[in-house]
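# Provided below for reference: sequence and predicted model.
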Amino acid sequence: MKQLSWLNPKDSELLSGLNNNSPFQFLPGFSKIYKEYSGEKVFLIYSENLKAFLPIRLFTSHFIKFIQILHAPIRDNKELNSEEQLQFFNEFIEYCKTNNLCERLVQPHPYGILSAIPNGSKYCEFGTYITDLATKSDEEIFKQFHPKYQKAIHHTEKSGGVVKFGIEVLEDFYKCYEHTMRKAGAISENIQYFKAYCKYLGSENATPAVVYDNGNPVGGIFVVHTNYSALCTHAGSMGDTKLYGSMKYLHFEMMKRMKSLGVKKYDLVGVRIGNNDPALEGIFRFKKGFGGELKKGYLWKIDIDPLKTRVYDFLLK
């Protein structure tokens with residue numbers, strides 16, 4: 001295995017096959033985002049046996065080094081099948097042990113669903129709804145939506161809802177996003193996080209969008225995209241509005257925009273399968289209503305050095 005970085009010019013030749021047809025986590029700008037925003041490192045692990053790449057985030061807390069997997073391993077810009085993913089993960093775990101790379105592999109990012117579970121790991125089932133943009137027309141995509149969604153979208157359109165895209169609406173998107181996070185009692189990302197995405201990925205790969213009612217922002221989404229897929233990573237709304245279908249309308253307009261740019265899939269990013277939390281169940285139903293295909297997989301974690309991590313967990317308590 002090799003540990004590669006876009007920030008190391010010597011690695012650029014081996015990484016040259018990763019481009020706008022790859023998931024965004026494999027792009028050079030993505031590595032720069034983590035370096036600027038959080039001072040963390042993103043590496044691309046290359047398996048010479050499988051000729052495949054895996055993006056990881058490396059960070060530390062006190063005396064413990066952590067690694068987070070950011071996407072399933074790919075070869076020729078396609079995800080490895082479950083058998084090959086398991087082979088990759090087992091090889092990577094041994095690589096971590098041999099090279100003292102980390103003490104713990106933490107749970108992957110929710111947009112990094114995996115299809116194999118290595119022995120000894122703790123895991124949960126996870127999924128995401130994905131809409132096919134490549135083979136369907138705008139009309140066919142719309143017909144997949146739940147009838148209530150179709151009605152709500154028509155209502156918003158007839159009632160004067162307006163959608164705007166691009167960096168110029170970032171502040172309005174953030175207003176909607178922060179309002180939703182505050183209402184939910186959750187911690188929101190700093191606006192600098194989104195500015196870093198816009199700076200290093202550019203308009204080609206990062207698109208904030210906002211739906212307006214009489215010039216007032218009522219809902220916003222942030223989408224990161226390449227030809228491989230568009231992922232709605234963050235969203236929020238301002239609450240009550242006469243445009244009761246505003247967020248559904250916003251997603252549909254974004255799907256059409258992504259399709260026009262040559263993006264193949266629209267990913268609503270993450271649903272917990274088999275959960276008992278009413279709030280999470282509501283999110284599950286909302287995403288299901290767009291009629292996409294449910295991609296199922298896993299999020300898992302494993303201790304590379306159980307002794308050190310036990311001490312770390314004890315001290316945290």
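Nice, I can see it.

# make it CA atoms for all contacts and neighbour counts henceforth
Fine.

# for the chain, just list every one of the helices.
28-37, 82-99, 138-144, 147-158, 170-184, 191-201, 246-260, 278-288, 306-316 (DSSP state H).

# tell me what the last one is packed against?
For helix 306-316, the packing partners by 3 or more C-alpha pairs under 8 Å, 6 or more residues apart in numbering; DSSP states H and E come out as strand 64-69.

# buried ones in the strand it packs on, by neighbour count?
65-69 (16 or more other C-alpha atoms under 10 Å).

# quick one on the thing from earlier: reformat the helices of the chain as a markdown table; add mean pLDDT, mean neighbour count and distance to residue 106.
Listed next are those as a markdown table, based on pLDDT from 0 to 100; neighbours: other C-alpha atoms under 10 Å; distance: least, C-alpha to C-alpha, whole Å:
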| stretch | mean pLDDT | mean neighbour count | distance to residue 106 |
| --- | --- | --- | --- |
| helix 28-37 | 93 | 18 | 17 |
| helix 82-99 | 97 | 16 | 12 |
| helix 138-144 | 97 | 15 | 36 |
| helix 147-158 | 96 | 17 | 37 |
| helix 170-184 | 95 | 19 | 24 |
| helix 191-201 | 96 | 18 | 21 |
| helix 246-260 | 97 | 21 | 31 |
| helix 278-288 | 79 | 14 | 22 |
| helix 306-316 | 91 | 11 | 11 |
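
# ok, residue 110 to residue 68 distance?
Per C-alpha to C-alpha, to the nearest Å, residue 110 is found 11 Å from residue 68.

# quick check: pLDDT value at the closest residue to residue 229 other than its chain neighbours.
For residue 229, ignoring the flanking residues on the chain, the nearest one in space by C-alpha to C-alpha, 6 or more residues apart in numbering is residue 265 at 4.6 Å. Residue-level confidence at residue 265 comes out at 97, pLDDT.

# contact partners for residue 265?
Listed by C-alpha atoms under 8 Å, 6 or more residues apart in numbering, the contact set of residue 265 reads 130-134, 228-230.

# list the ones among these that fall in strands.
130-132, 230 (DSSP state E).

# out of those, which is most surrounded?
residue 230 (29 neighbours; other C-alpha atoms under 10 Å).

# correct me, but that one touches residue 259?
No: shown here, residue 230 and residue 259 do not form a contact pair, counting by C-alpha atoms under 8 Å, at 9.5 Å.

# closest to residue 245 among the contacts of residue 265?
Of all the contacts of residue 265, residue 245 sits closest to residue 131, with 18.9 Å by C-alpha to C-alpha.

# bridged to that closest one, which residues?
Counting by DSSP bridges, residue 131 forms beta bridges with residue 266.

# right, and it touches residue 291 too?
Yes: here residue 131 reaches residue 291: they are 7.2 Å apart, a contact under C-alpha under 8 Å.

# phi, psi for residue 228 please.
With angles defined as degrees, to the nearest 10, residue 228 sits at phi -60, psi -50.

# give me the neighbour count for it.
Residue 228, neighbours per other C-alpha under 10 Å, totals 19.
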